[in-house]
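J.: Build me a model:
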Amino acid sequence: MPVGFSAGDPTDPAARVLGEFLSQELGQPIVITNKPGVGGLVAARDLMNNQPDGYTIYLALNGIMTVAAARYEKLDYDPPQDMAAV
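T.: The predicted model follows:
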C-alpha cells in the first residue's frame, strides 16, 4: 500500500492500522510503502506509472484527488479518470 507521506507522519499510523485490518481480512500480508514528496504526488505518479495488478491500494488524502488537479497545470494522471475511491 503506497502512502504519499513519510513514516511518522499522521497519515502513516492510519495506513498501518488499515493495512493490519486488511491483512487479517484478506489473509495475506499488506506491505506499507512510504513515498513522501510533493504532498503525495510522488506516490501517485509512481502508482500511475506501474501496470495495474489488482492488488495495490493507494492511501491518499483529498488533496491528491482534488487540489492537485486544480493547482498543477499538468499532472501525470487524471484523478477521476485514473483512480477510483474505495
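J.: for this protein, what's the longest helix?
T.: Of all segments of type helix in the chain, defined using DSSP state H, the longest is helix 11-26.
J.: other SSEs contacting it?
T.: strand 2-3 (3 or more CB pairs under 8 Å, 6 or more residues apart in numbering; DSSP states H and E). The C-beta positions use only the backbone N, C-alpha and C, and glycine is treated the same way.
J.: average pLDDT for the longest helix of the chain?
T.: Averaging pLDDT along helix 11-26 gives 93.
J.: which residues touch it?
T.: Residues outside helix 11-26 that contact it (CB atoms under 8 Å, 6 or more residues apart in numbering): 1, 3-6, 29-32, 34, 57, 59, 61.
J.: what's the answer for stretch 52-70, then?
T.: Here stretch 52-70 makes contact (CB under 8 Å, 6+ apart) with 1-4, 11, 14-15, 18, 22, 39-41, 43-44, 47, 50, 75, 78-80, 83, 85-86.
J.: Filter those down to the buried ones and hand me the ChimeraX line.
T.: Selection of buried members from the contacts of stretch 52-70 for ChimeraX, criterion 16 or more other CB atoms under 10 Å:
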select :1,2,3,4,11,15,18,39,40,41,43,44,47,75,79,83
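J.: ok, back up a step: report the two of the contacts of helix 11-26 separated the most.
T.: Pairwise distances across those (CB to CB) peak at 24.3 Å, for the pair P29 and L61.
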